[in-house]
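K.L.:
coordinates only, sequence not included:
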């Protein structure tokens, strides 16, 4: 039997991004660009988590649209 891969985000990745965000924001030598890159990564992670928790996300891709039926 095949093992199915666990659905969700790897907790180690979440912790790493959280730690990196805290470190970069506390570092006075970090540039604004560096801080924004880390914030962007954290926001992307939140978007992915929202998509995973929404069971209907992307379900419309398999539906046939009305104009294609004719």
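P.N.:
Structure received. Being a predicted model, the structure only gives us computed values, none of them experimental.

K.L.:
Now for residue 52, how many residues are close by?
P.N.:
Neighbours of residue 52 under the rule other C-beta atoms under 10 Å: 12. C-beta coordinates here come from the backbone N, C-alpha and C atoms, glycine included.

K.L.:
Secondary structure element holding it?
P.N.:
Taking DSSP states H and E as the definition, residue 52 sits inside helix 32-53.

K.L.:
Now that helix: average pLDDT?
P.N.:
On average, the pLDDT along helix 32-53 is 90.

K.L.:
What of stretch 12-29?
P.N.:
What stretch 12-29 shows for mean pLDDT is 94.

K.L.:
Give me the buried positions along the helix holding residue 52.
P.N.:
38, 45 (16 or more other C-beta atoms under 10 Å).

K.L.:
Same question for stretch 20-28.
P.N.:
Here stretch 20-28 shows 21, 24 as buried, counting by 16+ other C-beta under 10 Å.

K.L.:
okay, the angle between the strand or helix carrying residue 23 and helix 32-53?
P.N.:
Assessed by DSSP H and E, residue 23 sits inside helix 11-26. With axes from the mean of the first three to the mean of the last three C-alpha atoms, to 10 degrees applied, the angle from helix 11-26 to helix 32-53 works out at 150 degrees.

K.L.:
helices and strands around helix 11-26, which ones?
P.N.:
Packing contacts for helix 11-26, counted by 3 or more C-beta pairs under 8 Å, 6 or more residues apart in numbering; DSSP states H and E, involve helix 32-53.

K.L.:
that older thread, name the helices or strands packed onto the helix holding residue 52?
P.N.:
Counting by 3+ C-beta pairs under 8 Å, 6+ apart, the packing neighbours recorded for helix 32-53 are helix 11-26.
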